[in-house]
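**Student:** The sequence and its predicted three-dimensional model are supplied below.
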Amino acid sequence: MKTTIEQEIRNAGLIVTPVRVLLLKTLRSAGKPLSVEQVAERLLSAPDTPGRASLFRNLDAFVRTGLAERLRFNVRTSLYLACSRNVEDHHHHIVCTICKRMLPVDICLNRKTLQTVESTTLFRITGHTLQLFGTCASCDATQSMQKKPQTRRGNRGT
């Protein structure tokens, strides 16, 4: 049986509100991580568009409960993407720092690594995220083309 967005929000321990339903639908349909500004832009046509503070609060609640993941590019830039709370769907992503293209990656921290971290920190690990960043082949090729030195014609250094 397929779960509805409302059920997912409820299963995460959150109260179902029209803003949360719309926000989760927006994240799911985006297909790529979105900034708060991009989320707000997509919600402009919605009735009762939530304010920026409401967006931040709800995105934080989604991250806290596993409905979304926050990707931090630097101190000022965070992007959000919808996640599944289903353990079998657990995966990580690699994100292009230029175009924000995102791909799922089938790697994870193994149990031995997690146990080592637990024993050295005296923490009981209850979850984790792995954030990978880089440049995709397309952006890398574009950057390489832009960095090639330009040769001048007609000037032979005489």
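**Tutor:** Ah, there it is.
**Student:** C-alpha only now, for contacts and for neighbours.
**Tutor:** Noted.
**Student:** Number of residues surrounding residue 40?
**Tutor:** By other Cα atoms under 10 Å, 19 other residues sit near residue 40.
**Student:** Check which helices and strands the helix or strand hosting it sits against.
**Tutor:** Element membership for residue 40 (DSSP states H and E) is helix 36-43. Secondary-structure packing of helix 36-43 (3 or more Cα pairs under 8 Å, 6 or more residues apart in numbering; DSSP states H and E): helix 18-30, helix 52-65, strand 78-82.
**Student:** So in that sheet, which strands flank whichever helix or strand comes after the shortest one, and in what orientation?
**Tutor:** Once the chain leaves strand 78-82, the next helix or strand it forms, by DSSP H and E, is strand 92-96. Sheet pairing here is set by DSSP bridges, and for strand 92-96 it gives strand 102-105 (antiparallel), strand 131-134 (parallel).
**Student:** which one of those has the lowest average pLDDT?
**Tutor:** Lowest mean pLDDT within the strands paired with strand 92-96: strand 102-105, a mean of 81.
**Student:** Residue 16 versus residue 6, what's the distance?
**Tutor:** Using Cα to Cα, to the nearest Å, residue 6 is found at 6 Å from residue 16.
**Student:** what's the closest of the strands paired with strand 92-96 to residue 58?
**Tutor:** In terms of Cα to Cα, the element of the strands paired with strand 92-96 nearest to residue 58 is strand 131-134, at 21.5 Å.
**Student:** Outside of that closest one itself, list whatever touches it.
**Tutor:** 71, 92, 93, 94, 95, 96, 97 (Cα atoms under 8 Å, 6 or more residues apart in numbering).
**Student:** Quick check: the two most widely separated of these?
**Tutor:** Maximum distance among those (Cα to Cα): 15.7 Å, for 92 and 97.
**Student:** Tell me which of the two has more neighbours.
**Tutor:** When residue 92 and residue 97 are compared for neighbours, residue 92 comes out ahead with 19 against 15, by other Cα under 10 Å.
**Student:** Do I have it right that the more buried one meets residue 128?
**Tutor:** No. Residue 92 is beyond contact range of residue 128, at 9.9 Å (criterion: Cα atoms under 8 Å).
**Student:** buried residues in stretch 107-125?
**Tutor:** Under the neighbour-count criterion of 16 or more other Cα atoms under 10 Å, stretch 107-125 has nothing buried.
**Student:** Quick check: end-to-end length of it?
**Tutor:** First-to-last residue span, stretch 107-125, Cα to Cα: 18 Å.
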